[in-house]
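Participant: Here is my input; please provide its structure:
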Amino acid sequence: MIDKPTNGLTWLSLAVSLLTIPAAFADAPGQAKADCAVAEFTMGLRFQQQSAEIQALQLQAYNIATLKLDAAVAAAKDPAKLAIVTDLDETVIDNSALLARDLANCHTYDAWDTWLPWERAGTPTLIPGAKKFLEHADSLGVTIRYVSDRADEQKSYTVATLSKLGLPQVSAESVLLLGPPKVERRAIVSADHQIVLLLGDTLHDFDGRFRKTPLAEQRATVAAEADKWGAEWIVFPNAGYGTWSNAPLKAWKAETVIEPW
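Facilitator: Residues are numbered from 1 along each chain as shown. Sure, this is the predicted structure:
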């Protein structure tokens, strides 16, 4: 998940800005009205929630993670000293039902002002392959740490949700939520474990250089760290939201020529 606002003034400014969005209701469940400003998210969210390709990519990511974890365990003297660190939202659990509800109501869902009630009462589902991989890691004796930007003051709800979904090694100690930046929470894990895999859907799940930096810098860092993708860093697809969502598209500047097939 991308960074959420962390102070009252930021939340207030978001709330005020949302007052400018006209009320709208969906033409169909989970689909915003065509004249709704939030409707531009529809295709990306449909791909995220409904496409078979997303399911294939998620399973592919967990298959790669399994291979890399098995190799790390085989090379380790003491697997108990190894750890994996995984994000939660859109990496282990799927929150697209919340986003679809907000989209249908013409509500800008990446303002995160509906997220706290979802943490308390929402019903996320598991990302394909997540439970199998985490149970495998647990069976190997590897430590699992869930590092997420969900609200720490609501940790009990997140822990209860993960437990209900049947995930292993879920406890107040293993679930590290928003307070310090993720880089600092990862450092807590690495203080007494060797982190062999990082899993996430947004780039600051992997390195502090990606946090709140311009897209051009993020792209440069992605290229500079090319060897880590699929080796130490396992990234999951998220077409629903991200720091890229307001970036302009680059178009072919040639004159449009229409030729029927």
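Participant: and Leu199, helix, strand or coil?
Facilitator: Of the three states, Leu199 takes strand under DSSP: H, G, I helix; E, B strand; the rest coil.
Participant: Could you verify my assumption that it touches Thr66?
Facilitator: No - under the criterion of CB atoms under 8 Å, Leu199 lies out of contact with Thr66, with a separation of 11.3 Å. Backbone N, C-alpha and C define where each C-beta goes, glycine included.
Participant: Which one's more surrounded, these two?
Facilitator: Leu199 (24 against 17; other CB atoms under 10 Å).
Participant: Look up how far Ala83 lies from the more buried one.
Facilitator: According to CB to CB, to the nearest Å, Leu199 stands 12 Å off from Ala83.
Participant: ditto for Thr243
Facilitator: Taking CB to CB, one finds Thr243 at 27 Å from Ala83.
Participant: for Leu198, same thing?
Facilitator: For Leu198 relative to Ala83 (CB to CB), the value is 10 Å.
Participant: Quick check: longest helix in the protein by residues?
Facilitator: helix 52-75 (DSSP state H).
Participant: Give the helix, strand or coil label for Leu45.
Facilitator: helix.
Participant: what are the phi and psi angles of Leu176?
Facilitator: phi -110, psi 110 (degrees, to the nearest 10).
Participant: Run through the bridge partners of it.
Facilitator: Beta bridges link Leu176 to Val147 when assigned by DSSP bridges.
Participant: the helices in the stretch 51-200 of the chain, which residues?
Facilitator: Assigned by DSSP state H, counting those that start in this stretch, the helices in the stretch 51-200 of the chain fall at 52-75, 96-104, 115-121, 130-139, 155-164, 182-190.
Participant: The ones you listed into JSON lines, with extra columns for distance to Ala247?
Facilitator: Output for these, formatted as JSON lines (distance: least, CB to CB, whole Å):
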{"stretch": "helix 52-75", "distance to Ala247": "21"}
{"stretch": "helix 96-104", "distance to Ala247": "19"}
{"stretch": "helix 115-121", "distance to Ala247": "23"}
{"stretch": "helix 130-139", "distance to Ala247": "28"}
{"stretch": "helix 155-164", "distance to Ala247": "30"}
{"stretch": "helix 182-190", "distance to Ala247": "22"}
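Participant: Please identify the most buried of those.
Facilitator: Highest mean neighbour count among the helices of the stretch 51-200 of the chain (mean count of other CB atoms under 10 Å): helix 96-104, with a mean of 21.
Participant: residues in contact with the closest residue to Gly208 other than its chain neighbours?
Facilitator: Leaving aside its sequence neighbours, Gly208 sits nearest to Val183 (CB to CB, 6 or more residues apart in numbering; 3.7 Å). Going by CB atoms under 8 Å, 6 or more residues apart in numbering, Val183 touches His204, Asp207, Gly208, Arg211.
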